[in-house]
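Let me see the structure of the following:
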Amino acid sequence: MHGAAADTTTATGQVVGWGSDYYGQATPPASVQSGVDTISAGLTHALALKDGVPIAWGNDYEDRTFVPIDLRRGGVTAISAGYHQSLAIKNGAVWSWGSYTTPGEALAPPPETQSNVDAVSAGYMHSMALKDGEVIAWGFGGHGETAVSEEARSGVDAISAGMYYSLALKDGKVICWGPNYDGECDVPEEAQSGVDAVSAGSTFVLALKDGRVIGWGNNNYHQLDLPIEVDDHVIAIAAGSMHGIALKDDGQVIGWWYDAQGQSTVPEVATSGVTAISAGGYFNLALK
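Sure, this is the predicted structure:
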């Protein structure tokens, strides 16, 4: 659910995918082979933004890939694919579709997200929005994931929703709230300042600091045993369910550990010229 610009002089806006493809989520349709500027990988479905219009593919259960008609008219500025839901921003207002998103249901955007929203992040059964530096969270909050930390109510620069927890980045410091089942909210000292980006996996966290990847939380699948290639020159990070990917400043994607669906085996097409990345549950997207 994260991307960063690299050398875009030869970029064509082509989406490529790899990993689990049971629902076709790792096979981008013809409509996203050029002109795309934003990508987001969910659990089993994917989103791309092209000319202000979201394009969705993969698991269509409960209409999570059925983009609302008003959004298909254009004007969308941000997207985020979650486990059960999709999010978009249009004219500063949050839109959501998929499971539990009809008015009155838990994942329906609350009134305070209908203006001046700058960013969104879709998690497992909760969603987040960033409005004038304040984090707003909604959905199923039984684990504390929607109980926004007081520290995250102003001055926040970025957000990322995990499975049962939430992250915010404020003045280079990572803030976390939730149950801390796997230590994902035990933010290490080195992530208390100078952090440039943060990404929430299902139960582990990746952070980017001075071109180097930092990780903490659940390491049951070695997702925190970072390869030496991510010690420097990294410009973007993305955490999946049990794997991680990073984008180097030369346009190369690096993947590591849990690889049962091939999600950590980076294909030749993603070893150069990549400008943005996004990690889903067991698959990845890259933008060239």
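
Quick check: end-to-end length of stretch 218-237?
17 Å (C-alpha to C-alpha, to the nearest Å).

in it, what's buried?
Going by neighbour count (16 or more other C-beta atoms under 10 Å), the buried part of stretch 218-237 is 218-219, 221, 223-224, 226, 230, 234-237. In this view, the C-beta of every residue, glycine as well, is placed from N, C-alpha and C.

can you check stretch 270-287 too?
For stretch 270-287, by 16+ other C-beta under 10 Å, it's 270, 273-287.

Output it as PDB, nothing but the C-alphas.
Written as PDB, here are the backbone C-alpha positions of stretch 270-287 (Å, rounded to 0.1, in the frame of the first residue of the first chain):
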ATOM      1  CA  ALA A 270      10.600  -6.100 -11.600                       C
ATOM      2  CA  THR A 271      14.300  -6.000 -11.300                       C
ATOM      3  CA  SER A 272      14.700  -2.700 -13.100                       C
ATOM      4  CA  GLY A 273      12.700   0.400 -14.000                       C
ATOM      5  CA  VAL A 274      10.200   0.100 -11.200                       C
ATOM      6  CA  THR A 275       8.800   3.400  -9.800                       C
ATOM      7  CA  ALA A 276       6.400   2.200  -7.100                       C
ATOM      8  CA  ILE A 277       5.500  -1.000  -5.100                       C
ATOM      9  CA  SER A 278       2.600  -2.500  -3.100                       C
ATOM     10  CA  ALA A 279       2.500  -5.700  -1.100                       C
ATOM     11  CA  GLY A 280      -0.800  -7.600  -0.800                       C
ATOM     12  CA  GLY A 281      -1.600 -10.600   1.300                       C
ATOM     13  CA  TYR A 282       0.400 -13.100  -0.700                       C
ATOM     14  CA  PHE A 283       1.100 -11.200  -3.900                       C
ATOM     15  CA  ASN A 284       2.800  -7.900  -5.000                       C
ATOM     16  CA  LEU A 285       2.200  -5.200  -7.500                       C
ATOM     17  CA  ALA A 286       4.900  -2.900  -9.100                       C
ATOM     18  CA  LEU A 287       4.600   0.100 -11.300                       C
END
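
average pLDDT across it?
The predicted model assigns stretch 270-287 a mean pLDDT of 98.

Could you do stretch 88-98 as well?
98.

From one end of that stretch to the other, what's the distance?
Note: stretch 88-98 ends 12 Å apart using C-alpha to C-alpha.
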